[in-house]
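Asker: Need coordinates for the below:
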Amino acid sequence: MIGPLVRSPVRGPRSEPLPIDARRRARNLLGDLVELVTAPLGFWHLKRLEVATVEVKIAGLAPAFDGYRIAFLTDLHSSAIVPLWWLRQAVEQTLETRSDLIALGGDFVHDDPGYARGLTELLTPLAAPDGVVAVLGNHDHYIGPELVREALSKAGVVELLNVPRRLLRGDAELVVAGVGDLQCDAIDFAAAVGDAPSAVPRVVLSHDPDVFAYWPAGVRLDLMVSGHTHGGQAYLPILGPPFVPSQFGFRYLRGLFREGDRQLYVSRGVGASGVPFRWGCPPELTVVVLRPS
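Answerer: Prediction:
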């Protein structure tokens, strides 16, 4: 493949949230206009949401967590170009996976804060034995993170903002953590995993997979699960996706990656951003199945 022609600028983790300025609000309005014009071209009734089951081997995973299932639903992008009926269908399919934990990867809404009002009703049906957890994405911050956080809370979804959730099966333990968005929110790696012993395996949610490259060497990370890239959203012949929202280009585009003892899975996500087209890159609901290595 050639490209991408455009990628995100280089940015590292920030210690303070990034306020949304007038320029971002103007871009939101422009995005709304583009969405209204292109919405009839979405043809979502012709699309199919693929359920990707991915087995990931984790060092030191206790037998009690062998086969542990995490349903990962990300990049809904509720907007004029992603219809609500499609997102309801994705929620129904998530429940059908009968996973132990449901994790939501952010970008619940695109660029119009009006769509945040429908999130509570959309997400309330989600339920799993170990609950429903989430991180926010950059577009959630573009429209006002407080709106999205309120909707998630009312739906019973717990945001893992630089905090861990410790899961127990008898004496066995697994940590599921989340970090803030790379572009818009503060990231605290040490706080994210908390005081769990280093022998305990950790699965981390991060909307943006670029966080994987910045994870500190001294902090254990077994698996990171991310979205954000949409897998490229549109694959053109020879060129591939002309735009990838990652500073690393195709490095963390989609699928499973391993670097040393750490692994990263990047989902293609459920919705679409900017325009309703997905060429050669079908929407995805991910089910991660943990196995001992």
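Asker: which helices and strands sit right next to the helix ranked longest in the chain?
Answerer: Across the chain, the longest stretch assigned as helix under DSSP state H is helix 22-38. Under the contact criterion of 3 or more C-beta pairs under 8 Å, 6 or more residues apart in numbering; DSSP states H and E, helix 22-38 touches helix 138-143. The C-beta positions use only the backbone N, C-alpha and C, and glycine is treated the same way.
Asker: How about residues contacting the helix it packs on?
Answerer: 17-18, 20, 24, 28, 77, 106-113, 116, 148, 181-185, 207-208, 228, 273 (C-beta atoms under 8 Å, 6 or more residues apart in numbering).
Asker: can you rerun that using 6 Å?
Answerer: The contact list for helix 138-143, computed with C-beta atoms under 6 Å, 6 or more residues apart in numbering, reads 24, 107-111, 113, 148, 181, 183-184.
Asker: re earlier: for the following helix or strand past the longest helix of the chain, packing partners?
Answerer: As assigned by DSSP states H and E, the chain's next helix or strand after helix 22-38 is strand 50-58. If contacts are counted by 3 or more C-beta pairs under 6 Å, 6 or more residues apart in numbering; DSSP states H and E, strand 50-58 sits against strand 284-292.
Asker: and the angle for the strand it packs on with strand 50-58?
Answerer: 20 degrees (axes from the mean of the first three to the mean of the last three C-alpha atoms, to 10 degrees).
Asker: I'd like the distance from strand 284-292 to the chain centre, please.
Answerer: From the chain centre to the centre of strand 284-292 is a distance of 14 Å (C-alpha atoms, centre = their mean, to the nearest Å).
Asker: Just the CA atoms of the host helix or strand of residue 174, as PDB, please.
Answerer: Assigned by DSSP H and E, residue 174 belongs to strand 172-178. Coordinates of each C-alpha in strand 172-178 appear next as PDB, following Å, rounded to 0.1, in the frame of the first residue of the first chain:
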ATOM      1  CA  ALA A 172      -7.500 -15.100  41.000                       C
ATOM      2  CA  GLU A 173      -7.400 -11.500  39.800                       C
ATOM      3  CA  LEU A 174      -7.500  -9.600  36.600                       C
ATOM      4  CA  VAL A 175      -7.200  -5.800  36.200                       C
ATOM      5  CA  VAL A 176      -9.200  -3.900  33.600                       C
ATOM      6  CA  ALA A 177      -8.200  -0.300  33.400                       C
ATOM      7  CA  GLY A 178      -8.800   2.800  31.200                       C
END
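Asker: As a check, name the ranges of all helices in the stretch 151-293 of the chain.
Answerer: For the stretch 151-293 of the chain, helices defined by DSSP state H, counting those that start in this stretch occupy the ranges 189-193, 211-214.
Asker: Tabulate these in CSV, adding columns for mean neighbour count and distance to residue 89.
Answerer: Converted to CSV, the helices of the stretch 151-293 of the chain look like this (neighbours: other C-beta atoms under 10 Å; distance: least, C-beta to C-beta, whole Å):
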stretch, mean neighbour count, distance to residue 89
helix 189-193, 18, 32
helix 211-214, 18, 29
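Asker: Could you point out which of those sits nearest residue 43?
Answerer: With C-beta to C-beta as the criterion, residue 43 lies closest to helix 211-214 of those, at 33.4 Å.
Asker: which other residues reach that closest one?
Answerer: 12-13, 182, 224, 264.
Asker: Just send the residues you listed back as CSV, with pLDDT, neighbour count and distance to residue 282 too.
Answerer: As requested, the contacts of helix 211-214 are exported to CSV (pLDDT from 0 to 100; neighbours: other C-beta atoms under 10 Å; distance: C-beta to C-beta, whole Å):
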residue, pLDDT, neighbour count, distance to residue 282
12, 92, 11, 32
13, 94, 18, 31
182, 97, 25, 26
224, 98, 23, 23
264, 98, 24, 21
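Asker: Name all residues that make contact with the residue nearest the centre of the chain.
Answerer: For the chain, residue 105 is the residue whose C-alpha lies nearest the centre (C-alpha atoms, centre = their mean; 2.5 Å). Taking C-beta under 6 Å, 6+ apart as the criterion, residue 105 is in contact with 74, 207, 227.
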